[in-house]
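**Q** this one's structure only:
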């Protein structure tokens, strides 16, 4: 019995080793397959004129063209502008965004059209930021109203069911040991709401503390799916959160939907008709896809370059548009942990063909 026990034990150990070897083999095989997967090549969709040296955010205009915001942080002698880009990639100036009197500036970043074709613009100015409500008659600006003002670091914006939702990357009054970012919600009928940038703001519906000490920046990109679920990206922590909102627009629950590489710095987020998310990796010249099973796939990645051939050059925002993923190349920030080494020409918009 003793020897039979030893034999049985040896056989069991042998089977266990074989199982472990096969498991390890297949795991390594899958890893190699993933590593060898060919990344997509981005192409040049449009070269921008000198009046748009720092392209930022997109939305689709009522006429089917793209609207692109240009805060022009790279050259403060230039006004903030909105550009029109046709389906063929032809670029024209839409308007100069009305300036704030006290600063003489406008820095349009996030933009969103509502269901009536009215455009909402995040004018990013430290502690003076505004949500502008801009009404057009075709390409002519008819009126500009202020929905809210006093934002510290307003960035992204989305429209949903009569409300606009905006992100702030930093709420300094809420900072203790870490930076806190937030999401605000405003009715499109609101006007001239003064923001305090703290929990006294009735319109503040969500906050998130950034844990990454290497990149203390908070919430940035956001997008809704067809169910009305809100996805928000924490740029510093490289986490995409899913927020469930109740009928009053308050956050009922939150969950970590996906984690990207820590050094990716997720910026703009967009979604396709099937619910797949696309995320701009600002720091490392990357584009990610997150499917509805929460699988993260790196679609494209570029070393430091000037974007002249359509390469990713500090991608800030992206949008699904006529079977393409259109990507803005911000190409400005030079900092620790970022591939971009300098701001230079050309100023470009890239694309990935989603049908290939």
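**A** Thanks, I have the structure now. Keep in mind that this is a model prediction, so the values were computed, not measured.

**Q** helices and strands around the one helix or strand residue 122 maps to, which ones?
**A** Residue 122 belongs to strand 119-123 when assigned by DSSP states H and E. For strand 119-123, the packing partners by 3 or more C-beta pairs under 8 Å, 6 or more residues apart in numbering; DSSP states H and E come out as strand 108-113, strand 129-137, strand 154-160. Where you see a C-beta, it was placed from the backbone N, CA and C, and this is true even at glycine.

**Q** can you say which helix or strand has residue 59 in it?
**A** strand 58-60.

**Q** tell me the helix or strand right after that strand.
**A** strand 66-70.

**Q** against which helices or strands is that next one packed?
**A** Under the contact definition 3+ C-beta pairs under 8 Å, 6+ apart, strand 66-70 sits against strand 58-60, strand 81-85, strand 108-113.

**Q** pairing partners for the last one, with directions?
**A** Under the criterion DSSP bridges, strand 108-113 sits next to strand 119-123 (antiparallel) in its sheet.

**Q** what angle do the strand it pairs with and strand 66-70 make?
**A** 20 degrees (axes from the mean of the first three to the mean of the last three C-alpha atoms, to 10 degrees).

**Q** what's strand 119-123 in contact with?
**A** Residues outside strand 119-123 that contact it (C-beta atoms under 8 Å, 6 or more residues apart in numbering): 57, 59, 67, 69, 80, 82, 97, 100, 106-114, 129-136, 147, 151, 154-157, 159, 164, 166, 188.

**Q** make a ChimeraX selection of whichever of those turn out to be buried.
**A** Written as a ChimeraX command, the selection of buried residues from the contacts of strand 119-123, which uses 16 or more other C-beta atoms under 10 Å, is:
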select :57,59,67,69,80,82,97,100,106,107,108,109,110,111,112,113,114,129,130,131,132,133,134,136,147,151,154,155,156,157,159,164,166,188
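
**Q** which residue packs closest to the residue nearest the centre of the chain, ignoring adjacent ones?
**A** Geometric centre of the chain, nearest residue: residue 268, 1.3 Å, by C-alpha atoms, centre = their mean. Spatial nearest neighbour of residue 268, chain neighbours left out: residue 317 (3.3 Å); criterion: C-beta to C-beta, 6 or more residues apart in numbering.

**Q** you'd agree the one you found is in a strand?
**A** Yes: under DSSP: H, G, I helix; E, B strand; the rest coil, residue 317 falls within a strand.

**Q** just checking, residue 173 is part of a helix?
**A** Yes: counting by three-state DSSP, one finds residue 173 located in a helix.

**Q** doesn't residue 197 make contact with it?
**A** Yes: counting by C-beta atoms under 8 Å, residue 173 touches residue 197, with 5.5 Å between them.

**Q** between the two, tell me which one has more neighbours.
**A** residue 197 (23 against 12; other C-beta atoms under 10 Å).

**Q** so who does the residue nearest to that one when sequence neighbours are not counted touch?
**A** For residue 197, ignoring the flanking residues on the chain, the nearest one in space by C-beta to C-beta, 6+ apart is residue 152 at 4.8 Å. By C-beta under 8 Å, 6+ apart, the contact set of residue 152 is 126, 127, 129, 168, 170, 171, 172, 197.

**Q** what's the ChimeraX syntax to select whichever of those residues are buried?
**A** Entered in ChimeraX, the line below selects the buried ones among these, by 16+ other C-beta under 10 Å:
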select :129,168,170,171,197
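
**Q** and which of the contacts of residue 152 is nearest residue 257?
**A** When the contacts of residue 152 are ranked by distance to residue 257 (C-beta to C-beta), residue 168 comes first, at 20.2 Å.
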